[in-house]
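Asks: coordinates only, sequence not included:
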DNA sequence: CTGAAAGCGCTTACAG
DNA sequence: CTGAAAGCGCTTACAG
């Protein structure tokens, strides 16, 4: 049987309250008392029962991060960033993966969850604007990304449009004239990262005074390397001329890179390639991949800060913020002039 | 104020016990009773208090997975695999990252943790055999990997030696004679993946009757792409002749690939490269990377199964197993003959 | 099939 | 600075 706080109290000859004070770093405890308690803890190999603490205090010191899946480097890196930032304000992160499944996402965002957390950072993928009304969070929640907007939740976004604009402007500035826009379908009705990045990319064409061949706007079935590779391979096979590819995430861009190289194209000499996310994969691919850095660290920092300030009572319940992280285009080998 | 179980009971006109039975899927409840309870739950928007449940039952339905960091694809993919497998037996996974830090690892493995879980799957990186005595788990624990052995814990390992042997045998069989062994130092005293893979690689040389130039055994400062790239670049700069590289993980191999390509070497024509881990990065690099698949899915399955069987009382406390996952060499472009 | 009571192990006011 | 008591919201035997 594990020792309880009252076992410790009895052994140290103090009350349970005093043991609790010592454990929770309460100040103003006589040094001798503290020493006696700590000794009793050691002797009994006592450990706090987290469930009891959580039940009584109504808090857990834990926040959840819900993302589609850890096998996508963007999300793995985001998760690590959130974990690291949260640790600086003594919050533990529970990473939950949804697989982008609508039901799982709805369950998470409406409080039907298996783990008790004080807050939630949620990056939706399956649910869309139509599901906004089904969002009935039971804990303070910060939304990530552009899929959903909800007037009574905090929100951290990235500058999708401006960032995509800069990437395509860069490609056009290096002399490319037929830049494939790989990601969103031209008629995608959803307000999300894809359509926003597409809009920014289109604007770059317009601003450079270059006509965009509509056949260069292509949407793979998903934003994965496999799909990126297949889509670009298909373009090559049908003899479509192009001299650059803007992948709307790094996975697509890396898939494109692979299709190009395996078909004998040289990158960047024959075709330039740029991506979006600036994952570690972009930095280490061959050639290294030019990519938009969406400020992952900053996104993590902003999201945790919004939650932490609310949890610690520094923000009012009715107050809701929307913040935008700043981006930067990382130019690398894949788009050399 | 959130509704409690007794609010629901009052509204449904039943006892708290009956509400509990309905929520926990207890059989033998009159259909009409169940319906009334479910309606009351809906009306009151009642949600179970997880802390209270955990405290009373002494269980959480949650297991922890402690890994060094999510930014390493091997671990991100392992984490996703563990999450997926655990879900099939109704266990939720709490991913904890240690950064390979000795103190954090010791804290986790001796029960000083912030979250209440029923079990632990632990992949140590910082602590070594000398710390084995400091391992005093408070919950059933499964160790992963070769860094530590502990007679009273379950253990899942991979066939490091045989797998490395097969990879190097493959390189030698395609005619390469000077295979760089990139990873472990020849005099590394630690019993871990590195020394074991080195031993298997050496044996491959011996079995093929090829002499191993000791200068081809090189240890980067860490098993990262950066370090792999720097180490191979240094070899190239000092004019060391070699016609293949066996990276003891994919990160090292991909770093080597990059150093080779950026210095004008062709892969696999001039230098062949093989890795270990078979991460998604290996499949998608250019050229695609031959790599040992250590059976990540199987490792996740075995670890969760060991834990689940113990938690569900199907295994005795004194019983401890050590299981080895099976591997397979995935041959790809980077080692074409 | 359902109820009444006890109790899991903490923290939180309330005192002094 | 420390104590005694209450109570967080469930599940678990024990009855019937």
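Replies: Yep, that arrived. A quick note: this is a predicted structure, and the numbers were derived from the prediction, not measured.
Asks: and chain A, which residues reach DNA strand D?
Replies: A:13-18, A:21, A:28-30, A:33, A:52, A:55-56, A:58 (Cβ under 7 Å from any atom of the strand). (Glycine included, C-beta is placed from N, CA and C.)
Asks: Tell me which entries of the residues you listed lie within strands.
Replies: Using DSSP state E, the subset of these located in strands is empty.
Asks: just the residues you listed: which has the poorest pLDDT?
Replies: On pLDDT alone, residue A:28 ranks lowest of the residues of chain A next to DNA strand D, at 78.
Asks: how deep is it tucked in, by neighbour count?
Replies: By other Cβ atoms under 10 Å in any protein chain shown, 5 other residues sit near residue A:28.
Asks: For residue A:245, give the beta-bridge partners.
Replies: Note on residue A:245: beta-bridge partners by DSSP bridges are residue A:180, residue A:273.
Asks: ok, it - how many residues close by?
Replies: Count around residue A:245 with other Cβ under 10 Å applied: 32.
Asks: Correct me if wrong: it contacts residue A:178.
Replies: No. The criterion here is Cβ atoms under 8 Å, and residue A:245 misses it with residue A:178 at 9.9 Å.
Asks: the helices in the stretch 101-250 of chain A, which residues?
Replies: In the stretch 101-250 of chain A, the segments counted as helices under DSSP state H, counting those that start in this stretch are A:102-109, A:160-173, A:193-208, A:225-237, A:250-262.
Asks: so what does the shortest one touch, helix or strand wise?
Replies: If contacts are counted by 3 or more Cβ pairs under 8 Å, 6 or more residues apart in numbering or on different chains; DSSP states H and E, helix A:102-109 sits against strand A:62-67, strand A:119-122.
Asks: just to revisit the earlier point, what's the closest of the helices of the stretch 101-250 of chain A to DNA strand C?
Replies: DNA strand C sits nearest to helix A:102-109 of all these, at 25.9 Å, using Cβ to the nearest atom of the strand.
Asks: Measure how that closest one sits relative to strand A:62-67, angle-wise.
Replies: 160 degrees (axes from the mean of the first three to the mean of the last three Cα atoms, to 10 degrees).
Asks: which residues make contact with helix A:102-109 from outside it?
Replies: A:64, A:66, A:96, A:98, A:113, A:120, A:122, A:124-127, A:131, A:134-137, A:141 (Cβ atoms under 8 Å, 6 or more residues apart in numbering or on different chains).
Asks: Pretty sure residue A:292 sits in a helix.
Replies: No. Counting by DSSP: H, G, I helix; E, B strand; the rest coil, residue A:292 is not part of a helix but strand.
Asks: Check the stretch 151-300 of chain A for the residue nearest DNA strand C and tell me.
Replies: Closest residue of the stretch 151-300 of chain A to DNA strand C, Cβ to the nearest atom of the strand: residue A:154 (24.6 Å).
Asks: Pipe the helices of the stretch 101-250 of chain A into CSV and attach mean pLDDT and mean neighbour count per row.
Replies: Output for those, formatted as CSV (pLDDT from 0 to 100; neighbours: other Cβ atoms under 10 Å in any protein chain shown):
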stretch, mean pLDDT, mean neighbour count
helix A:102-109, 92, 19
helix A:160-173, 97, 22
helix A:193-208, 96, 20
helix A:225-237, 96, 20
helix A:250-262, 95, 27
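Asks: ok, residue A:235 touching residue A:181?
Replies: No. Counting by Cβ under 8 Å, residue A:235 stays clear of residue A:181, with 11.6 Å between them.
Asks: Now do the buried residues in stretch A:21-37.
Replies: Residues of stretch A:21-37 classed as buried: A:21-23, A:33-34, A:36-37 (neighbour count, 16 or more other Cβ atoms under 10 Å in any protein chain shown).
Asks: Which residue is the nearest non-sequential neighbour of residue A:308?
Replies: Nearest residue to residue A:308 in three dimensions, chain neighbours excluded: residue A:89, at 4.7 Å (Cβ to Cβ, 6 or more residues apart in numbering or on different chains).
Asks: what about the one you found, how many neighbours?
Replies: The tally of other residues near residue A:89 (other Cβ under 10 Å) stands at 14.
Asks: mind checking how far it is from residue A:61?
Replies: Applying Cβ to Cβ, to the nearest Å, the value for residue A:89 to residue A:61 is 10 Å.
Asks: and if you look at residue A:92?
Replies: Taken as Cβ to Cβ, the span from residue A:92 to residue A:61 is 6 Å.
Asks: Overlap of the contact sets of these two?
Replies: With contacts taken as Cβ under 8 Å, 6+ apart, the residues that reach both residue A:92 and residue A:61 are residue B:114.
Asks: helix, strand or coil for the closest residue to residue A:23 other than its chain neighbours?
Replies: Of all residues not flanking residue A:23 in the chain, residue A:48 sits nearest, at 6.2 Å (Cβ to Cβ, 6+ apart). Of the three states, residue A:48 takes coil under three-state DSSP.
Asks: ok, back up a step: please pick the buried ones from the contacts of helix A:102-109.
Replies: A:64, A:66, A:96, A:98, A:113, A:120, A:122, A:124-127, A:131, A:135, A:137, A:141.
Asks: Just the closest of those to DNA strand D, please.
Replies: Nearest to DNA strand D out of the buried ones among the contacts of helix A:102-109 is residue A:113 (Cβ to the nearest atom of the strand; 13.7 Å).
Asks: contacting residues for that closest one?
Replies: For residue A:113, the contacting residues are A:64, A:96, A:107, B:50, by Cβ under 8 Å, 6+ apart.
Asks: Same question for residue A:61.
Replies: A:90-92, A:118, B:114.
Asks: Which members of those are the farthest-apart pair?
Replies: A:118 and B:114 (12.2 Å; Cβ to Cβ).
Asks: ok, now which ones touch residue A:334?
Replies: Counted by Cβ under 8 Å, 6+ apart, residue A:334 has contacts A:253, A:257, A:267-268, A:272-274, A:285, A:287-290.
Asks: how far away is it from DNA strand C?
Replies: 53 Å (Cβ to the nearest atom of the strand, to the nearest Å).
Asks: so how far is residue B:159 from that residue?
Replies: Residue A:334 sits 38 Å away from residue B:159, taking Cβ to Cβ as the criterion.
Asks: cool, and residue A:244?
Replies: Counting by Cβ to Cβ - residue A:244 and residue B:159 are separated by 45 Å.
Asks: Between the two, which has more neighbouring residues?
Replies: residue A:244 (27 against 18).
Asks: give me the residue from the stretch 101-250 of chain A nearest DNA strand D.
Replies: residue A:116 (10.6 Å).
Asks: show me what contacts the spatially closest residue to that residue that is not a sequence neighbour?
Replies: Distances taken as Cβ to Cβ, 6+ apart place residue B:50 nearest to residue A:116, at 3.9 Å, with adjacent residues excluded. Applying Cβ under 8 Å, 6+ apart to residue B:50 gives the contacts A:113-116, B:60.
Asks: and those residues, which two are the farthest apart?
Replies: A:113 and B:60 (12.6 Å).
Asks: how long is stretch A:68-79 end to end?
Replies: Stretch A:68-79 stretches 11 Å from its first residue to its last (Cα to Cα, to the nearest Å).
Asks: Sorry, wrong one. I was asking about stretch A:21-41.
Replies: Terminal-residue distance, stretch A:21-41 (Cα to Cα): 13 Å.
Asks: any residues touching that stretch, and which ones?
Replies: Residues from elsewhere that reach stretch A:21-41, judged by Cβ under 8 Å, 6+ apart: A:5, A:8-9, A:11-14, A:18-20, A:46, A:48.
Asks: Residue A:133: how many residues sit nearby?
Replies: 8.
Asks: meant to ask about residue A:84, not that
Replies: When neighbours are defined as other Cβ under 10 Å, residue A:84 has 17 of them.
Asks: what's the distance between it and residue B:222?
Replies: 18 Å.
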